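Chemist: Structure, please.
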Amino acid sequence: MNRRAYRRAGVSGNYDTFEDEEDTELHAAVSHGGHTSLSATIHEHDRPAKRQRVDTPLASQPNSGASPLTEKSSETASRKQGASVIMENFAQSFDMFQDAILSTNSHPHIGQLCLGYGGISGTPGTRMSKSKLHSPQSTDSTSIKQPSTVFTFALMKHFHISTLTSKKSAYDYFAGLRSLTNNAFPDEVPDRYRELLQMSRIWNYLTMVRQSGQAHNIDALLPHRRQGSLTVRCPACPEVTFNVDQAVVDAAKKEETHKYTLFLSVDGNFRLQRKNKNTDPDDVALNKGNAYFVPSEAYKKYQAVVRKSGPEEAATCSHLRASRMQNIAKFKNAAVSGVVAFQCARHGFYLPQSIVDLIKGEAFCFTDFALCYVLLELMLLHWILLSYDIWCQYQVNLLKRFRQWFPGPIADQIPKIRGAIPKMHIENHVLACMLLYSFTYLPYSGETWGENIEGGWAEQNQSAGSTKEMNDGHRHDALDDIFGHWNWLKLISMGKTLSRMYKACLETLEVREANFASLTDMQPQDVIQQWKAMDISPVMVNGAIVSVYEARIAGGPPTMNKALQTLVDESTRAEEEDCDVIWLINSGINLQERQMAIAAQTNTNQVNQYAKLSKDIENWKAKQALMFPGLSTVSSTGREAGEERIETVPLSLPSSFSSKDRDRLGLTHAASVELTLREGQAHDALAELRLAIKTVNANVHFKRQNIFGQRQVTRAEQHLRSLQAEKRVAMEKYCRAYNALLRLGHSPTDKQLQPLEESMLWGKNMTERHKKGNSRLTEPWFWHTGRPSAQTPDEENAWSLESKY
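Modeler: Numbering: from 1, shown residues only. Next up, the predicted model:
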């Protein structure tokens, strides 16, 4: 488009000095199925050298007045240059351009862009806005009247969405535009990279103002919110006067705490740094602290005061002490070492004015300032649960610090905050932290896990390569835009996400309820009632944390040896001859296990083992015949020569007979002894099975991580097969004990000892990270069985209540 075309379009201003040169167009089109759906055009009108270009540094031009963004002294204002001047001057025209954008008509085609000027009233700047053109140089009174470079709205929208979704840098995006314009000689296309940076920053700010509702006076409809806020907020978290009434919150019972609790998550990110390099010291954020970052000037004053108050608090938890080692080398050459941010822990929305810059590490005082701004809008809530990976240390002097730096109503909010540590981070903390701050043990916390904020960092960190190079204010504007886009994506997908999670919950609800009912049935009702009456709050006893969730089992796991010792002690107090029966039955069970071990061996040349077992069985049967003469009519005293293998010789234990035959043969007392010993044997077998499963899981995980190469993998597979065999051996041992118990009168509906199948030989791999869906898996019943055998009723009750420490 030449000079005459502009004059025909009715654009005022002095363009007579322009040369009649053809325009240079940067044209980018995105096509779908052969149809152009997006077009972007940059129009450049070259001025002769005798006229000063608008995009030259503006430091030498007269100062148009104090900046509305921040107050500066005359000495500071005299050294402003570059982008800071452009941003400051443009701020004076924000309202004018925003109104023009809101009232713009549609100009979908490139060919109509400039022709659309005709009949549009107002200054060239407003006419450009109404024609869907944006000028990066419309930043002072001169350039607003005489714009030289314009960008179409289509280009600005496309660049904005592209950078937010793909995290592509402006440099790469503009390089693509130049290639689309002239792919053979892209260097011949005029370089408007700096203008694109300036214009995109202004465009993004105006877009945020519109999308947040500030351009439509939304504050009048939501007076309870912070005025001028440019954020996208979570619609599901409790917000008094927005989605829940104050009367409802005030009348809520303790059992409804989870419904009206605001779950917060805070974490530090050390990837979103800013380099320590020469930057524009006067650059300020256009958002002015009205988005996700706190106001910069107030934060800088706070930092200056707090740093004089003394050193950072010493760490006592091993997790925090280890993390402090980062400060030594991780933040080298970083003016800003990262950020601390607050999210709603349940839905992953960044909170308004909840992000602060970090200086050399995650100091508590920085997090305090962000928490202060978060609490300003939460005065009407009764319950807040804060998830923080270093909560154990952060909470120690939290109230003291707030009373010192934020006295008054803000400090009064601290007592209503409960704290927790995210479920994955807490694995690296000491036992006391797990008992006090684990989500698993906190009442009214549901399935909250507190790690959602880590997923946000994974997305935001892709922008770190660009934002670390920016000036201070530009970086805040860019990150505010990125955080806002993250919140917007959360908002538009919330309905689908919550619906999917609800359906998945319903699918597993029946299984979870059945599993809980099964665990409940394992215990007497009086024990269940005592459990419900217990105080679940951890307490300090003799300098140590005591919690009902900490296992304090003095007797250890159930074993057959303990059952044997209990029987011997009882027989010693009663009749001495009972000891002979006890030892006989115990030896018979052990001989039976030796028979099974030899039968499982593939090497049949174990002559010594065969001979020793044969002799032991013959001696045992001789004692059995003397003690129970009636058995001589139903069993042989030994192996007939050449007729019977040693591993199949029947031992005629009481479990080999029916109840009627045991009474006839005088084996009633011996049967009660075997019942007790078999119960201990069954628990021994379950302990061996659990250990075998854990061993297999650990070796499978190690193989995946460390074993490579055909030879090594083959040897590892052989080793795993031997470990798998150990699981089957433990299962067969349990099945023998369980079948013997059933024959001896054990109830088949007992919840402690149940039938075991080969499909149950698995358990969650505790050596691996928690995987998606693990919480919905229900492990086999034997992972929940561990009551010691051969206990008196009083001992069983004490064990169930863990009353003996």
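
Chemist: quick one: Ser266 is in a strand?
Modeler: Quick fix: residue 266 is Val, not Ser. Yes. Using DSSP: H, G, I helix; E, B strand; the rest coil, the assignment for Val266 is a strand.

Chemist: can you tell me how far it sits from Leu371?
Modeler: Distance of Val266 to Leu371, given as CB to CB, to the nearest Å: 7 Å. For every residue, glycine as well, the C-beta is placed using N, CA and C.

Chemist: In terms of neighbours, single out the busier of these two.
Modeler: Leu371 (28 against 25; other CB atoms under 10 Å).

Chemist: Could you point out the helix or strand that follows the helix or strand where the more buried one lies?
Modeler: Per DSSP states H and E, Leu371 falls inside helix 364-375. For helix 364-375, the following helix or strand on the C-terminal side (DSSP H and E) is strand 383-388.

Chemist: returning to what we had before: what residues are shared contacts of Val266 and Leu371?
Modeler: Phe342 (CB atoms under 8 Å, 6 or more residues apart in numbering).

Chemist: pLDDT at the spatially most central residue of the chain, what is it?
Modeler: Centroid check for the chain by CA atoms, centre = their mean gives Glu451 as the closest residue, at 2.0 Å. The score at Glu451 is 91. That number is its pLDDT.

Chemist: packing partners for the helix holding Leu371?
Modeler: strand 261-269, helix 296-306, strand 338-344, strand 356-358, helix 398-405 (3 or more CB pairs under 8 Å, 6 or more residues apart in numbering; DSSP states H and E).

Chemist: got a list of contacts for the third one?
Modeler: For strand 338-344, the external contacting residues (CB under 8 Å, 6+ apart) are 234, 237, 262-273, 292, 331, 349-351, 354-358, 362, 366-367, 370-371, 374, 452-453, 456, 479, 483.

Chemist: which residues does Thr241 contact?
Modeler: With CB under 8 Å, 6+ apart, Thr241 has these contacts: 224, 380.

Chemist: circling back to that earlier point, with mean pLDDT and distance to Ala740 as extra columns, can I get the helices and strands packed on helix 364-375 in JSON lines?
Modeler: Below are the helices and strands packed on helix 364-375 laid out as JSON lines (pLDDT from 0 to 100; distance: least, CB to CB, whole Å):
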{"stretch": "strand 261-269", "mean pLDDT": "95", "distance to Ala740": "52"}
{"stretch": "helix 296-306", "mean pLDDT": "91", "distance to Ala740": "72"}
{"stretch": "strand 338-344", "mean pLDDT": "95", "distance to Ala740": "57"}
{"stretch": "strand 356-358", "mean pLDDT": "94", "distance to Ala740": "66"}
{"stretch": "helix 398-405", "mean pLDDT": "94", "distance to Ala740": "60"}
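
Chemist: For Leu378, find the nearest of these.
Modeler: Across those, Leu378 has its closest neighbour in strand 261-269 (6.4 Å, CB to CB).

Chemist: And the next helix or strand past that closest one?
Modeler: Following strand 261-269 toward the C-terminus (DSSP H and E): strand 274-275.

Chemist: Can you spell out which helices and strands pack onto that next one?
Modeler: Using 3+ CB pairs under 8 Å, 6+ apart: strand 274-275 touches strand 334-336.

Chemist: for the strand it packs on, packing partners?
Modeler: On a contact count with 3+ CB pairs under 8 Å, 6+ apart, strand 334-336 meets strand 274-275.

Chemist: repeat that with 10 Å
Modeler: Where contact means 3 or more CB pairs under 10 Å, 6 or more residues apart in numbering; DSSP states H and E, strand 334-336 is packed against strand 274-275, strand 356-358, helix 472-521.

Chemist: Determine which stretch of these is the most buried.
Modeler: Sort the helices and strands packed on strand 334-336 by mean neighbour count, taking mean count of other CB atoms under 10 Å, and strand 356-358 sits at the top with a mean of 24.

Chemist: quick one: strands adjacent to that one?
Modeler: Applying DSSP bridges, strand 356-358 is found paired with strand 338-344 (antiparallel).

Chemist: What distance do you get for Ile161 to Tyr292?
Modeler: Distance of Ile161 to Tyr292, given as CB to CB: 19 Å.

Chemist: So these two - more neighbours on which side?
Modeler: Tyr292 (28 against 11).

Chemist: does that one really touch Gln353, like I thought?
Modeler: Yes. Here Tyr292 reaches Gln353: they are 6.9 Å apart, a contact under CB atoms under 10 Å.

Chemist: Just give me the residues shared between the contact sets of those two.
Modeler: Residues touching both Tyr292 and Gln353 (CB atoms under 10 Å, 6 or more residues apart in numbering): 229, 231, 342.

Chemist: where's the second one, which helix or strand?
Modeler: Thr231 is part of no helix or strand, with elements assigned from DSSP H and E.

Chemist: What sits closest to it if chain neighbours are left out?
Modeler: With sequence-adjacent residues excluded and distances taken as CB to CB, 6 or more residues apart in numbering, Thr231 is closest to Pro352, at 4.3 Å.

Chemist: what's near enough to touch the one you found?
Modeler: 212, 225-226, 229-233, 290-294, 342, 373-374, 376-377, 487.

Chemist: Quick one: buried ones out of those?
Modeler: Among those, those classed as buried by 16 or more other CB atoms under 10 Å are 212, 225, 229-233, 290-294, 342, 373-374, 377, 487.
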